[in-house]
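for reference, the sequence and a predicted model appear below.
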Amino acid sequence: MLEEIREQPEALERTLAGGLRRAEALRKVVSARRPRLIVLVARGTSDNAALFGRYLLEITTGIPVSLAAPSIATLYGARVDYRDTLVVALSQSGESTDTNRVLEHARERGALTLGITNEPASTLAHLAEHVFRVRARRERSIAATKTYTGQMLLLYLLAYALGGAVRVQELERLPELVQSALRMEEAIGELSERYRYMRYAVVVGRGLNYANAFEFALKLMETCYVVAERFSSADFLHGPIALVEPSFPVFAFAPPGVTWPSMGGTLEKLQRMQAEIVAITDPGNRDVEARATKVIRLPRRMRELLTPIPYIVPAQIFAACLAEHRGYDPDKPRGLRKVTLTM
């Protein structure tokens, strides 16, 4: 897992270089057939990438985005009208049975279809009309890391293809931003040992980093066997905050920008409740130290739109190191396989 986390700058560079050509081709298609709706379908870590895509695509393109419920097609056999809709399936392996079934059904019902996968010879790649390929090479660890950030990068390219407010020149900065985050590995590993006996935790995010709260919690659950709940910082105040007692661990994605007033207010309330708060941020946010117990501060300042990929890297490192401190192998979580088949 740690080896694959370290491979992300190169994987992102390859994915961006190869994806740009596909994005330009799709850009021509959608200019003549602009979708009125986008539906994203995925499972597991890919579903967390899709959640990020929902925020990104609506913010940058103005097109409404929905996350598919695969059982509508696979169990209930509903016939959904997908005319004027772009349906995007995300799967690392390209062999997720229910994801592929939804994509196949959508194409039959009039959708324009796009597959995002790390496997060019997969079933998904053959089903979709257009394919954006994650170029992460083989991912051996069951806990996905480099394919998650690769999928996120391709969602930026999808936004660009749809005419969204995404600049390719800014995307070219992402590999170096991730590289700078990787330089924090030793410090994050030392910090993670503090939480060796942690059994429960909450992860909060907002806006573009809401999906990272889901992904970080998933990594804590599948590699460290920590019961980790994930919330929007806004939803957290509507009841779940009652879970918190003194020293209760709360992990927060706290970038500067439009989400900080809400997140800062949540952290202030948690601080009064004497929670143990670990915040992930960058030099653009100078207020977080006053509201967190520990701060993981990325070395580079960045625009909020670009934060999700660099911000998940410290969380990935934290989970991998914590698993080792707890005596677990993060590459082989109990009860899991690399490809999970569900219907």
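Received the coordinates, thanks.

list of residues touching the biggest helix by length in the chain?
Using DSSP state H, we find that the single longest helix of the chain is helix 8-32. Contacts with helix 8-32, where a contact means Cβ atoms under 8 Å, 6 or more residues apart in numbering, come from 86, 112, 114, 130-137, 145-146, 149-150, 153-154, 157-158, 160-163, 168, 171-172, 174-176, 178-179, 182, 309, 313. Every residue, glycine included, has its C-beta placed from N, CA and C.

strand partners of the following helix or strand past that helix, parallel vs antiparallel please.
Sequence-wise, the next helix or strand downstream of helix 8-32 (DSSP states H and E) is strand 37-41. Here strand 37-41 is paired, per DSSP bridges, with strand 65-67 (parallel), strand 85-91 (parallel).

how far is the shortest one from where the chain is centred?
Meaning strand 65-67. Between the centre of strand 65-67 and the centre of its chain there are 15 Å (Cα atoms, centre = their mean, to the nearest Å).

buried residues in the helix or strand following that strand?
Sequence-wise, the next helix or strand downstream of strand 65-67 (DSSP H and E) is helix 71-74. Residues of helix 71-74 classed as buried: Ala73, Thr74 (neighbour count, 16 or more other Cβ atoms under 10 Å).

grab the nearest non-local neighbour of Leu154.
Spatially, and ignoring its direct neighbours in sequence, Leu154 is nearest to Phe132 (4.4 Å; Cβ to Cβ, 6 or more residues apart in numbering).

helix, strand or coil for the one you found?
Secondary structure, DSSP: H, G, I helix; E, B strand; the rest coil: Phe132 is strand.

what pairs with it across the strands?
Note on Phe132: beta-bridge partners by DSSP bridges are Ile116.

do I have it right that it meets Pro120?
No - the pair Phe132 / Pro120 is not scored as a contact, 10.7 Å apart, by Cβ atoms under 8 Å.

settle it for me: which of these two has more neighbours?
Using other Cβ atoms under 10 Å as the criterion, Phe132 and Pro120 rank with Phe132 on top: 26 against 14.

measure the more buried one to Leu67 for me?
Distance, Phe132 to Leu67, using Cβ to Cβ, to the nearest Å: 18 Å.

what does Ala136 give?
Plainly put, Ala136 is 23 Å away from Leu67 if you go by Cβ to Cβ.
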